[in-house]
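Student: just a sequence and a predicted model for now, questions to come.
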Amino acid sequence: MMWRKTGRPTWNVWVSPMVGARVACSTETANADRAAGIEAWMQELRDRHDRKGVLAAIAGREITLAKAYHLGEDGAAALLDAERAAKAAAGSSVDVWPMLTEWTTQRSRGKKPVKTAAEQMRMVRHVFPEQPCPASLWTADEIERRLTDLKGKTWKGKARVMQDATRNRYRSVVSQAADHLRRKKVLQSNPVDGVDRYAENPLTFAYLELADAQQLVGALNHEGQIVAALALGFGMEWQAIKAAEVRDLDLTAWTCHAHGGKTHWRDRVSPLSDVFAFLQPILRQAVAGKLPRAKLVTSPEWVLLDHQKATAAAVGVTPITLHQWRHSCAVILLQAGELPANVAHLLGHKDSSLVIKRYGRFIVRAAHFVTRQASSATQLATGTQ
């Protein structure tokens, strides 16, 4: 159907691509027969299912209807390919960091807090350390290679092996950054879509039963006991432990403010369950005679870990890392009947899904759950204090 706007001599027609809504376009001619010929030409392209995407390009304003008709299907397709290749070549040399800095700023003003947005930018820079970083590096093959070769933080002069679960977190953050670049027309598509997720085995981890945990804690030195008390009793990670100050520990309510920085839900107040009441004397001693802003732990991680492993071997307990106190915390509480949602809060997880996935086999399933007295962790998480 052709029509002319009032006072305009040229004819307009509807351009209907194979996918998407139709668009009104000018034929740029006042000759009715020529306009009808253009409309018939478009119908021919539709009958052939627009195999070269000319109608889609016209509807997307990549080329005018009159120019496409003048060049013909093959000529228009060739021109579009050349222009797209030129844009891709120009875009491949664009430095992505200004746009990703803008992306970080936008996220820090929205749902993501500043600490989380900054952490995500740090993860992207870990994968792409180049300054400047051209968009041509952001390909599926290159991203997959970099994620596979990714190393963790250096410890004792050696780079730590990065677990597949951590690689998947990096993959997710890089995908979000790539999607922002796609919206900015720097990338034509998200290259991370072509990178497979890494396999994870959530059931492979070391932990201590309650009796072994008590034995090892009792044999550790002063700061070793403090680290164990914070990680086992409050589910705190090393980042939160080394940042913990005397004022974060409330010996009246038996809670500790964990300043985790990986995500905003890692910044939480963790309660000490009655299961870990044997840690209370250690925590009292940890704050005795110290100012509110004093650090609870001052020794470096590797010193504490070496001492803990040597002590475990001496008392005949399975050696564990500092992080594996968190596994012990989760397992012991779940075996005691604690709710997965409360354990997730202690560990600084967003919800209970990861707790159920990783520690589900330790969840006690018993009828007395319905009537058991709520623990301090339950009261804190449900607001029933």
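Tutor: Perfect, I can see it now.

Student: mean confidence score for the longest helix along the chain?
Tutor: Identified as the longest helix of the chain according to DSSP state H is helix 65-92. The average pLDDT for helix 65-92 rounds to 84.

Student: now do the helix or strand following that helix: which elements does it pack against?
Tutor: Using DSSP states H and E, the helix or strand that follows helix 65-92 in sequence is helix 97-109. Judged by 3 or more C-beta pairs under 8 Å, 6 or more residues apart in numbering; DSSP states H and E, the packing partners of helix 97-109 are helix 114-127, helix 164-183. For glycine as for every other residue, the C-beta is placed from the backbone atoms N, C-alpha and C.

Student: which one of those lies closest to Pro134?
Tutor: helix 164-183 (11.5 Å; C-beta to C-beta).

Student: just the angle for that closest one relative to helix 97-109, thanks.
Tutor: Angle, helix 164-183 to helix 97-109, by axes from the mean of the first three to the mean of the last three C-alpha atoms, to 10 degrees: 110 degrees.

Student: mind listing what Ala313 touches?
Tutor: Contacts for Ala313 (C-beta atoms under 8 Å, 6 or more residues apart in numbering) come out as Pro319.

Student: picking up where we left off before, rank the helices and strands packed on helix 97-109 by mean pLDDT and give me the bottom one.
Tutor: It's helix 114-127: among the helices and strands packed on helix 97-109, that one has the lowest mean pLDDT, namely a mean of 82.

Student: mind listing what's buried along the helix or strand that that one is followed by?
Tutor: Scanning forward in sequence from helix 114-127 by DSSP H and E, the next helix or strand is helix 140-149. Using 16 or more other C-beta atoms under 10 Å as the burial criterion, the residues of helix 140-149 that qualify are Ala140, Ile143, Glu144, Arg146, Leu147.

Student: stretch 172-186 too?
Tutor: In stretch 172-186, counting by 16+ other C-beta under 10 Å, buried: Val173, Val174, Gln176, Ala177, Ala178, Asp179, His180, Leu181, Lys184, Val186.

Student: start and end of stretch 232-252, how far apart?
Tutor: This stretch, stretch 232-252, spans 19 Å end to end (C-alpha to C-alpha, to the nearest Å).

Student: stretch 129-143 too?
Tutor: Taking C-alpha to C-alpha, stretch 129-143 runs 12 Å from one end to the other.
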